[in-house]
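*Asks:* build me a model:
(one chain, ligands or ions: 1)
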Amino acid sequence: MDRFTYRDGVLYVEDVAVEDIAARFGTPVYVYSHGTLVTHLRQVADAFADLAPLICFSVKALSNIHLLRGLAAAGAGVDVVSGGELYRALLAGVPAQRIVFAGVGKSDEELRYAVRSGIRCVNVESEGEMRALARAAAECRMPAGAAVRVNPDVAVGSRTPAKTTTGRRGGKFGIDLDRVHEVYRLAVDDEWLRPEGLHFHLGSPVFHPRAYGDAVDKVLTVTEKLTADGAPVPTINIGGGFPADYEGSGVPGWSDFAAVIAPKLRSFVAAGGTVVMEPGRSIAANAGVLLASVRYLKTSGSRNVVITDTGMSHLIRTAFYDTFHFLWPARPRNGLSPVGRTGEHDQPDLARYDVAGPLCESSDYLAKDRLLPSLRPGDVLAIFTAGAYGMTMASHYNSLPRPAEVLVDGGDVRLIRRRETYEDLVSAEVDAEAGPAAAGTTKPA
Ligand SMILES: *Cc1c(COP(=O)(O)O)cnc(C)c1O
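*Replies:* Residues are numbered from 1 along each chain as shown. Below is the predicted model:
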C-alpha cells in the first residue's frame, strides 16, 4: 500500500504530480512519500500490537536525516550498522535509548562513540567484539548495553538472494548458536556491560514467515538456558528482512509474519521481556521512486534501447542483485496508466524497450525487454519501489553527482538533499602536502 498513484493519466505522489517535481528540481531525483513511510510503520506496529515491539527502522535502507526525523517523530527507533549511521540517527534526534547497533566489524572508535552516546545496545557479533566493547565501556567509565547477535542457522528459502542471506552457519554474521551462551556470559560478568539480550537478522528479503519462527524457537531455547543460569535476557530482537512488493504480485504481509512470530513470543513479553524489530525495506521500498529523464532512443540490432539520465550509480540493485524494478512514464503519451505492475502486458499500443543508464558499464540497465508506452527524449520515467537501498547504495562511479532527494507530505514538497555538484565529487580529495585547499590547484613541481 503506497501513495504513488496515476490520476487522469498522470503520476502523483500524495497530492503532487511528480512531473512538477521533475520540472522544479531536475532529474534524476528520489521522491519519497512521508505518508507512506509513516503508514507502513503503523502497519507493523498494528500487526504486532500484542507484543508492543520497539520498531527500529534500519538506517542502511534509507538514511536521509530528514526522513529519519519523521520516522522518529512517529515513534520509531533505529538500527544502525556504523558510526556514520549512528551520527545520522543522533543528528535526526532519535532518542539514544531507541538506537541499536549491529555490524560485524565495529572499530574501537565506533564502540566508544556508541558507549558515549548511551544507545540502547550494541549487537555484538564476535567474542573479540564483546571484549572490545567491555574495554570501550571501561575507558569511557560508562555502562553499555550488550546484546549478542545469534547466527540461528535457519533456511530462508531460495527466493532470498545468496548475496543478502545472513543467517546461515559458515557466514560472517553473528555468533554460532553453540557459542552464544559463553559470549553472553562475558557481558553478564563484566563490570561495565549490561546484558541486553539476543538478536538475529536472517537476510533480506525473507519470504517465509516460518524462517522467523524457526529462528525465534532457537533463540528462545538459548534464552531459557541463559535465564536458568542466572543471566537475564531482557530483549529479543528479531531483525528485519521482511519483504516489499516490487512486482505487484503480492508478498506475505505483516499479518502473515505476525501470525507465526507473535504466539511464540507472547509469554516472553508477558514475563516482562521486550521485542525489537528492525524493518528497513518493508517500510521504505514502496515509499520512494526515482525519477529519470529519457535522453536518447536508439536501436541496437532488433532492440529498442532507451538511454536515461540515471543508472547503476544511483540505483544499483538491478545491476548488482539482478532484481526487478517496475518503471513507467510519469505521463504516458498514450494515456495508459499501468495495470498493476505486471498487467501492462494486456494493454495495446506498447513497445519493447531496454532501459539503460549513461554509465560506461555493460550491466548498467534499469530494465530489459520491458513493454512500455512509446517514449521520446525528455519524457520523465518513474522507477518504482526505489525507496530502500536506492540512495543509500548510490556511488560516484563514473563521477556522476548523486541525485537530489525530495520529500512529499500531502501537498507539501521539500528538498531534503540538494543535487550534488562537481565540487562535491572532489571535496574530500585533499593533498596532505599542499594542504586542504589544494583541490583544483596544481602543486608546483
Ligand atoms: C540490513 C539490516 C536490517 C534491515 O533489513 P531489511 O531487509 O531492510 O528489513 C535489519 N537488521 C540488520 C542487522 C541489518 O543488517
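
*Asks:* any idea what the residue lying closest to Arg419 once chain neighbours are set aside is bridged to?
*Replies:* Counting by C-beta to C-beta, 6 or more residues apart in numbering, Arg419 lies nearest to Ala404, which is 4.1 Å off, once chain neighbours are set aside. Placement of C-beta: from N, CA and C, glycine included. Judged by DSSP bridges, the bridge partners of Ala404 are Val29.

*Asks:* surely Ala404 is in contact with Tyr30?
*Replies:* Yes - Ala404 is within contact range of Tyr30, at 7.3 Å (criterion: C-beta atoms under 8 Å).

*Asks:* out of these two, which sits in the more crowded spot?
*Replies:* Neighbour count, other C-beta atoms under 10 Å: between Ala404 and Tyr30, Tyr30 has more, with 27 against 21.

*Asks:* the closest residue in space to Ile316 that isn't next to it in sequence: neighbouring residues, count only.
*Replies:* Leaving out its chain neighbours, the residue that sits closest to Ile316 by C-beta to C-beta, 6+ apart is Met393, at 5.1 Å. Met393 has 16 neighbouring residues, counting by other C-beta under 10 Å.

*Asks:* could you do the one 5 residues further on as well?
*Replies:* Residue neighbour count, defined by other C-beta under 10 Å, stands at 14 for Asn398.

*Asks:* phi, psi for it please.
*Replies:* Here is the backbone geometry of Asn398 (degrees, to the nearest 10): phi 70, psi 10.

*Asks:* got the residues of this structure near the ligand?
*Replies:* 58, 60-61, 79, 81, 102, 201, 204-205, 239-242, 278-282, 388 (C-beta under 6 Å from any ligand atom).

*Asks:* show me where the stretch 1-150 of the chain has strands.
*Replies:* Remark: strands assigned in the stretch 1-150 of the chain by DSSP state E, counting those that start in this stretch are 4-7, 10-13, 16-17, 29-33, 54-58, 77-80, 99-101, 121-124, 144-151.

*Asks:* where does the chain have low pLDDT?
*Replies:* Residue ranges of the chain with pLDDT under 70: 1, 340, 342-347, 435-445.

*Asks:* max-length strand in it?
*Replies:* Looking across the chain with DSSP state E, the single longest strand is strand 288-300.

*Asks:* then it to CSV, C-alphas only?
*Replies:* Output in CSV follows, covering the C-alpha atoms of strand 288-300 (Å, rounded to 0.1, in the frame of the first residue of the first chain):
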residue,chain,number,x,y,z
GLY,A,288,10.1,6.2,-2.8
VAL,A,289,10.5,6.4,-6.6
LEU,A,290,13.5,7.5,-8.6
LEU,A,291,12.6,9.9,-11.4
ALA,A,292,14.7,9.9,-14.5
SER,A,293,14.5,11.6,-17.9
VAL,A,294,14.9,9.9,-21.3
ARG,A,295,17.9,11.3,-23.1
TYR,A,296,18.3,9.2,-26.3
LEU,A,297,16.5,6.4,-28.1
LYS,A,298,18.3,4.1,-30.5
THR,A,299,18.1,0.7,-31.9
SER,A,300,20.8,-1.9,-31.5
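
*Asks:* direction included, what does it pair up with?
*Replies:* Sheet partners by DSSP bridges: for strand 288-300, these are strand 29-33 (antiparallel), strand 303-308 (antiparallel), strand 380-383 (antiparallel).

*Asks:* returning to what we had before: deepest of the strands of the stretch 1-150 of the chain, which one?
*Replies:* With neighbours taken as mean count of other C-beta atoms under 10 Å, these reach their highest mean count in strand 121-124, at a mean of 30.

*Asks:* so how far is Gly118 from Thr318?
*Replies:* Per C-beta to C-beta, to the nearest Å, Thr318 is found 40 Å from Gly118.

*Asks:* ok, those two, which is more surrounded?
*Replies:* Counted by other C-beta under 10 Å, Thr318 and Gly118 do not tie: Thr318 has more neighbours, with 21 against 15.

*Asks:* could you check which helix or strand contains the more buried one?
*Replies:* helix 317-321 (DSSP states H and E).

*Asks:* counting contacts, what elements does that helix pack onto?
*Replies:* strand 365-373 (3 or more C-beta pairs under 8 Å, 6 or more residues apart in numbering; DSSP states H and E).

*Asks:* the strand it packs on: which residues count as buried?
*Replies:* 365-367, 370, 372-373 (16 or more other C-beta atoms under 10 Å).

*Asks:* which one of those is nearest the ligand?
*Replies:* For those, the minimum distance to the ligand (C-beta to the nearest ligand atom) is 20.7 Å, reached by Leu366.

*Asks:* that closest one is in contact with Ile316, isn't it?
*Replies:* No - using C-beta under 8 Å, Leu366 is not in contact with Ile316, being 10.5 Å away.

*Asks:* mind listing what the residue nearest to Ile316 touches?
*Replies:* 315-317, 320 (C-beta atoms under 8 Å, 6 or more residues apart in numbering).

*Asks:* if I pick the closest residue to Leu90 other than its chain neighbours, what's in contact with it?
*Replies:* Distances taken as C-beta to C-beta, 6+ apart place Ser117 nearest to Leu90, at 6.2 Å, with adjacent residues excluded. The neighbours of Ser117, taking C-beta under 8 Å, 6+ apart as the test, are 86, 90, 96, 99.

*Asks:* correct me if wrong: the last one contacts Tyr87.
*Replies:* Going back to what we said before, that points to Ile99. No - using C-beta under 8 Å, Ile99 makes no contact with Tyr87, being 11.1 Å away.
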